[in-house]
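Chemist: need coordinates for the below:
(4 chains)
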2 protein chains.
Amino acid sequence: MAQDRPYSALIDRLKTAGLRPTRQRLALAKVLFCQGNRHLTAEQLHAEAAMERVPVSLATVYNALHRFTGAGLLREVVVEPGRSYFDTNVDDHHHFFHEASGRLEDIPGDRLGLKGVPDAPPGTRVARVDVIIRLSQDEN
Amino acid sequence: MAQDRPYSALIDRLKTAGLRPTRQRLALAKVLFCQGNRHLTAEQLHAEAAMERVPVSLATVYNALHRFTGAGLLREVVVEPGRSYFDTNVDDHHHFFHEASGRLEDIPGDRLGLKGVPDAPPGTRVARVDVIIRLSQDEN
DNA sequence: CAATATATTAGAATGATTCTAATGTATTGT
DNA sequence: ACAATACATTAGAATCATTCTAATATATTG
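Modeler: Numbers count the residues shown, from 1 in each chain, chains lettered A, B, ... in the order given. Down below sits the predicted model:
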């Protein structure tokens, strides 16, 4: 996990997705994909890239996030007005959202499911189903 | 439905919720609560109030939406980065979201449910569960 | 290695929302 | 009814995340 030097796996991953493996994208991909499943905002990713001593502009972070998402490497999750999270886990799954901290967390396993899902209205089809379990501090 | 003059029901509703029934709040409450279940953004509500010939500032619209939400008269729904919808239906229910048009729609009935809902992580409790069925145009 | 296509960037622009602080209106108590 | 008080409204400025622009740099192709 998280090998430091040989970026070849990441390079392949980007190339396969049709994305040019630039210095910036590799740095971002490393932060995103070499530490298990993550849920990051653009600002968080920007900050982490800066700490890795790879200066990447915020514009590039946004560009990369959107290209990665379009290529199926990321998934955008919206839980709060005003900011988007990007989830490195693109498998079918759902989320806990910690309202106090703003932290997003994968719900483990595939036990959680839906029943009685209605048909899509005429002329439409289901693109995706999001389930967000919003958590607050338990004051006990 | 949507009686035009006697605001007494609305006045009571606001008073019961601990909200002063001002001219502006009544106008907004009328738009919100006298036309069945609605899903409006702040800008949409502002525009509709303007059409009712009750000038209400945008700041007041935001204030009112947040106070109404805090009082349990509305529920905030977040489906898109950048803007919030306010739902006049505060009962337990879920939504279709039409990605093409940005329209939010209640899922009728109570057939839709969840199974295998996990326990809240230690120290937290479930505040709310949101299910959003995202719809795209069916190109057939 | 030149030509082309695609990325990166700083900074400006945008759009939704929140804040500020001055003014206006409802409520309470007498 | 009315003064005192508490709460609401407002215009406009401020903020924040995000997107755009158009100039420059880098990767890819032939």
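Chemist: near DNA strand C, which residues of chain A show up?
Modeler: A:19-20, A:22-25, A:55-60, A:63-64, A:67, A:81-82 (C-beta under 7 Å from any atom of the strand). Yep, even glycine has a C-beta here, placed from its N, CA and C like the rest.
Chemist: which of those residues count as buried?
Modeler: A:19, A:24-25, A:56, A:60, A:64, A:67 (16 or more other C-beta atoms under 10 Å in any protein chain shown).
Chemist: of the residues you listed, which belong to helices?
Modeler: A:24-25, A:60, A:64, A:67 (DSSP state H).
Chemist: and the residues you listed as CSV, adding pLDDT and distance to chain B?
Modeler: Shown next, in CSV, are those (pLDDT from 0 to 100; distance: C-beta to the nearest C-beta, whole Å):
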residue, pLDDT, distance to chain B
A:24, 97, 22
A:25, 98, 22
A:60, 98, 19
A:64, 98, 16
A:67, 98, 17
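Chemist: I'd like the residues you listed as a markdown table, with distance to residue B:34 appended.
Modeler: Below are those laid out as a markdown table (distance: C-beta to C-beta, whole Å):
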| residue | distance to residue B:34 |
| --- | --- |
| A:24 | 53 |
| A:25 | 52 |
| A:60 | 49 |
| A:64 | 47 |
| A:67 | 46 |
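Chemist: need the max-distance pair from these.
Modeler: Greatest spatial distance among these (C-beta to C-beta): A:24 and A:67, at 11.3 Å.
Chemist: give me the secondary structure label for residue A:37.
Modeler: coil (DSSP: H, G, I helix; E, B strand; the rest coil).
Chemist: quick check: it touching residue A:108?
Modeler: No. Residue A:37 is beyond contact range of residue A:108, at 10.4 Å (criterion: C-beta atoms under 8 Å).
Chemist: ok so, going back, could you work out the most separated pair of the buried ones among the residues of chain A next to DNA strand C?
Modeler: A:19 and A:56 (14.8 Å).
Chemist: could you give the angle of the lengthiest strand in chain A to strand B:124-137?
Modeler: Longest strand in chain A by number of residues (criterion: DSSP state E): strand A:124-137. Note on geometry: by axes from the mean of the first three to the mean of the last three C-alpha atoms, to 10 degrees, strand A:124-137 and strand B:124-137 are set 160 degrees apart in direction.
Chemist: partners of strand A:124-137 in the sheet?
Modeler: Paired strands of strand A:124-137, with direction, are strand A:95-98 (parallel), strand B:124-137 (antiparallel) (DSSP bridges).
Chemist: quick one: contacts of the longest one?
Modeler: Strand B:124-137 is contacted from outside by A:98-99, A:114, A:117-118, A:120-121, A:123-138, B:77, B:79, B:94-100, B:107, B:112, B:114, B:117, B:120, using C-beta atoms under 8 Å, 6 or more residues apart in numbering or on different chains.
Chemist: any regions of chain A where pLDDT drops low?
Modeler: A:1-6 (pLDDT under 70).
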